[in-house]
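J.: need a structure here:
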Amino acid sequence: MRLLLLLLPPLFFTACQSEPTVDPLVGTTWAFATQNPVTTEPSREPMQLGDVLTVAADTVFFTSLKMQGMNGVPRYDAQRGGDTLAKSVRLSQPAEGVLNVDLLEKGQVTVNRYFTPEPTGRTPLVAKEVAGQTFRYQPAEGEATLVYFDVVVEGTRGNFLSNGFIVTVPTAFWNERTLLTPGGTFPDGSFGTFRPTPIDGPFAYVYIGKTLGLGNKAYRIFRTDAGEVEMETYSGTLEPHRVERVILEPVPGVVPSDVSPEEFGNRLTDGVQSMDREYPEIDSASVKYVAKESFAGRILSRDDLSELSFTFNQDGQFIFVAGDEVLTTGMWALSPDRNFLIITQEMASGMYLPILKYDEEEITFRYPMSVATREPRGVELGSYGIVNTFINVKRR
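T.: Purely as a prediction, here's the structure:
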């Protein structure tokens, strides 16, 4: 009996011990909700559409489009000195599938926003996983855009491109006319016409023309569990919040796989080369100005377009001339998927010229050029615009 009594206290205390509390939020991932208000000062907004957070036991990790990376913020706990923290996060769930996020400074709420569960069935994608491939992006509204991903080898073509980049080509560029680049915009890249836009991991901003390409939208890219590439785009900062998810459609190469680079270069060099000169006059919104002494070798006249010729040597050298004057030299190559003619120059990010057509009779592509206005617009300065020249090369 005495032995039984000695055993009772430990059994009693063991039965009364409470089970450790399990936080159901730990390990969950949430996305900024479209129901959040649109602020009038987006530059001061600490959270925005496209941001994602992951909950840990004592930290909330924010993956921000704006900051291009992950940032950990302590979870608020009043019992552990939360009111003394410069910044902290308090989480609550007012309803199923809704996460209330309070940002606090020394215990005082400064911002309140809502998050909803991050979609499942996909993983973030980096450019190197789809490098050398072209896809067709077709939003629910607006024109389609070709999207090309690639990577930069470290130490070449400028490290500002990070590990990967994107090139976009609006479908408007597929018509057989020379086009003007709209004033104040790059319709197909944030660094110039047909120039690559950097991607830092799967998150990036793409700023291009409002009416062409992806629009003024940020985006993320994913690989779905079914193996497809998905692009998730976000509305502009001052527009009603909207998220659109589009599966990218792979685009086959324009140049057949059995055509060697040497044969392709020979056809361009030896063929009958012509440039379409029938484009509208450069409007005032698209006019640029430069000192007249800088025109030589940089700014062409409209008549020069009929004297242009180019050479694509088998050793990879590219030479572009107007009459007897050499305008540009560099190196050329076909993109791995044979949809782009890549022109690279020393200390430059390169141009990815879309190959519009390749058949037994002709090759067509585009090349951006600076062309003087037909009538001078300036007094002290020369006036010009960016012309997206349509080039046709017929077989002799």
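J.: Would you map the helices across the stretch 251-396 of the chain?
T.: 261-270 (DSSP state H, counting those that start in this stretch).
J.: where does it have low pLDDT?
T.: Low-confidence segments of the stretch 251-396 of the chain (pLDDT under 70): 291-298, 346-349.
J.: now the strands: where do they sit in it?
T.: Applying DSSP state E, counting those that start in this stretch to the stretch 251-396 of the chain gives strands spanning 272-275, 288-291, 308-312, 317-322, 325-334, 340-344, 351-358, 362-372, 381-394.
J.: can you put those in a markdown table and add distance to Phe115 and mean neighbour count?
T.: C-betas here are computed from N, CA, C, even on glycine. Converted to a markdown table, the strands of the stretch 251-396 of the chain look like this (distance: least, C-beta to C-beta, whole Å; neighbours: other C-beta atoms under 10 Å):
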| stretch | distance to Phe115 | mean neighbour count |
| --- | --- | --- |
| strand 272-275 | 53 | 15 |
| strand 288-291 | 44 | 14 |
| strand 308-312 | 52 | 17 |
| strand 317-322 | 50 | 17 |
| strand 325-334 | 44 | 16 |
| strand 340-344 | 39 | 23 |
| strand 351-358 | 37 | 21 |
| strand 362-372 | 42 | 20 |
| strand 381-394 | 42 | 20 |
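J.: looking at these, which is closest to Arg242?
T.: Closest of the strands of the stretch 251-396 of the chain to Arg242 is strand 351-358, at 28.6 Å (criterion: C-beta to C-beta).
J.: Could you spell out the sheet neighbours of that closest one, each with its direction?
T.: strand 340-344 (antiparallel), strand 362-372 (antiparallel) (DSSP bridges).
J.: That strand vs helix 261-270, what angle?
T.: Using axes from the mean of the first three to the mean of the last three C-alpha atoms, to 10 degrees, the inter-axis angle of strand 351-358 relative to helix 261-270 is 80 degrees.
J.: Would you mind giving the orientation angle of strand 351-358 with respect to strand 381-394?
T.: Orientation check (the same axes, to 10 degrees): strand 351-358 against strand 381-394 gives 40 degrees.
J.: Run through who's touching strand 351-358.
T.: Residues outside strand 351-358 that contact it (C-beta atoms under 8 Å, 6 or more residues apart in numbering) are 146, 148, 167, 169, 173-174, 176, 192-196, 254-256, 259, 335, 338-344, 363-368.
J.: Tell me how far the closest residue to Leu300 other than its chain neighbours lies from Val321.
T.: In this structure, Leu300 finds its nearest non-sequential neighbour in Val371, 5.1 Å apart by C-beta to C-beta, 6 or more residues apart in numbering. Taking C-beta to C-beta, to the nearest Å as the measure, Val371 falls 16 Å from Val321.
J.: And Val22, by the same measure?
T.: 73 Å.
J.: Is Tyr114 within a helix or a strand, and which one?
T.: strand 108-117 (DSSP states H and E).
J.: Just name whatever secondary elements the very next helix or strand once past that strand is in contact with.
T.: Note on strand 108-117: by DSSP H and E, the next helix or strand toward the C-terminus is strand 122-124. Judged by 3 or more C-beta pairs under 8 Å, 6 or more residues apart in numbering; DSSP states H and E, strand 122-124 is in contact with strand 217-224.
J.: Could you rerun that using 10 Å?
T.: Strand 122-124 sits against strand 217-224, strand 229-234, with contacts defined as 3 or more C-beta pairs under 10 Å, 6 or more residues apart in numbering; DSSP states H and E.
J.: still on that earlier bit, just so I know, which of the strands of the stretch 251-396 of the chain lies nearest Leu49?
T.: Between these, strand 351-358 lies closest to Leu49; by C-beta to C-beta that is 28.7 Å.
J.: okay, the angle between the closest one and strand 325-334?
T.: Using the same axes, to 10 degrees: strand 351-358 against strand 325-334 is 70 degrees.
J.: Which parts of the stretch 101-250 of the chain are strands?
T.: Secondary structure of the stretch 101-250 of the chain (DSSP E, counting those that start in this stretch): strands located at 108-117, 122-124, 133-137, 145-151, 164-170, 179-180, 197-199, 203-206, 217-224, 229-234, 243-247, 249-250.
J.: which outside residues touch the third one?
T.: Put plainly, it is strand 133-137. Residues from elsewhere that reach strand 133-137 (C-beta atoms under 10 Å, 6 or more residues apart in numbering): 127, 143-150, 167-169, 171, 213-214, 219, 221, 228-229, 231, 233, 246-254, 335-340, 352, 354.
J.: Tell me the buried residues in that strand?
T.: Applying a neighbour-count criterion of 16 or more other C-beta atoms under 10 Å, one finds Gln133, Thr134, Phe135, Tyr137 buried in strand 133-137.
J.: could you dump that strand to PDB, C-alpha only?
T.: This file holds the C-alpha atoms of strand 133-137, laid out as PDB (Å, rounded to 0.1, in the frame of the first residue of the first chain):
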ATOM      1  CA  GLN A 133      13.100  29.600 -74.700                       C
ATOM      2  CA  THR A 134      10.400  31.800 -76.100                       C
ATOM      3  CA  PHE A 135       6.800  31.800 -74.900                       C
ATOM      4  CA  ARG A 136       3.500  33.500 -75.900                       C
ATOM      5  CA  TYR A 137       1.800  35.500 -73.100                       C
END
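J.: what lines up beside that strand in the sheet?
T.: strand 145-151 (antiparallel), strand 249-250 (antiparallel).
J.: Surely Leu25 is in contact with Thr59?
T.: No: here Leu25 lies out of contact with Thr59, judged by C-beta atoms under 10 Å, at a distance of 11.8 Å.
J.: in terms of contact, does the residue nearest to Leu300 touch Thr389 like I think?
T.: Yes: at 8.2 Å, Val371 counts as touching Thr389 under the criterion of C-beta under 10 Å.
J.: so what's in contact with the two at the same time?
T.: Thr178, Arg277, Tyr279, Leu300, Leu305.
J.: Could you give the number of residues near the closest residue to the second one other than its chain neighbours?
T.: If you skip the residues right next to it in sequence, Arg277 has Leu305 as its closest partner in space, 4.8 Å away by C-beta to C-beta, 6+ apart. Leu305 sits with 20 neighbouring residues when counted by other C-beta atoms under 10 Å.
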